[in-house]
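Asks: predicted model, plus sequence, below.
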Amino acid sequence: MGFLPGTNKCNVFVAQVLDWNSAGPGYPNAGTYIMRPPRPDQWADRNYAIPGWVALPPGQLPEPGDVAAQAAHFLNASGHAMIVGTGNTLVGTVDGRDVSPQGVVARVPMKQYIVPPQVADGQIVFRRFVGK
């Protein structure tokens, strides 16, 4: 999908898992010769249309398979996106300068933020696949 080693790629992980499960979000950020899935800030924008996916109303509890995303002010990323797992967890890549190798897939406890609070741009938005 055109992402170099050592770069943040949480949205690529999310898109690939969804594609494998026939719930792919499409590739709205296609550039010349490169297909790119929705960015984390697009997943986290309730007004941004992702085919087959709807943003859950605030307060509605997410279920396994939903996507969790939060926009953020990073120098090299627009936020973070993960997939809701079982047992109040999130599954996705753990990226960042302090993680080696970048893009390690992990299961983490669900918290109020999936990005550091000091860079968060809004709350976590959950989306659910409703079909195409």
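Replies: Done, it's in. All of these numbers come straight from a predicted model, not from anything done at the bench.
Asks: strand partners (parallel or antiparallel) of the lowest-mean-pLDDT helix or strand in the chain?
Replies: When each helix and strand of the chain is scored by mean pLDDT, DSSP states H and E, strand 104-109 comes last, with a mean of 86. Partner strands for strand 104-109, per DSSP bridges, with pairing direction: strand 89-94 (antiparallel).
Asks: one step back: now find how far off-centre the least confident helix or strand of the chain is within its chain.
Replies: 13 Å (C-alpha atoms, centre = their mean, to the nearest Å).
Asks: quick one: low-confidence parts of this structure?
Replies: 1-7, 31-33, 95-103 (pLDDT under 70).
Asks: near the residue nearest to Y113 when sequence neighbours are not counted, how many other residues are there?
Replies: Closest residue in space to Y113, ignoring its immediate chain neighbours: A120 at 5.5 Å, by C-beta to C-beta, 6 or more residues apart in numbering. Backbone N, C-alpha and C define where each C-beta goes, glycine included. Residues lying near A120 (other C-beta atoms under 10 Å) number 19.
Asks: is A120 in a bridge, and if so with what?
Replies: According to DSSP bridges, beta-bridge pairing links A120 with A72.
Asks: strands along the chain, start to end?
Replies: Secondary structure of the chain (DSSP state E): strands at 53-55, 67-71, 79-84, 89-94, 104-109, 125-129.
Asks: adding distance to P40 and mean neighbour count, write the ones you listed out as a markdown table.
Replies: Below are those laid out as a markdown table (distance: least, C-beta to C-beta, whole Å; neighbours: other C-beta atoms under 10 Å):
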| stretch | distance to P40 | mean neighbour count |
| --- | --- | --- |
| strand 53-55 | 14 | 18 |
| strand 67-71 | 5 | 27 |
| strand 79-84 | 3 | 27 |
| strand 89-94 | 10 | 20 |
| strand 104-109 | 15 | 12 |
| strand 125-129 | 10 | 21 |
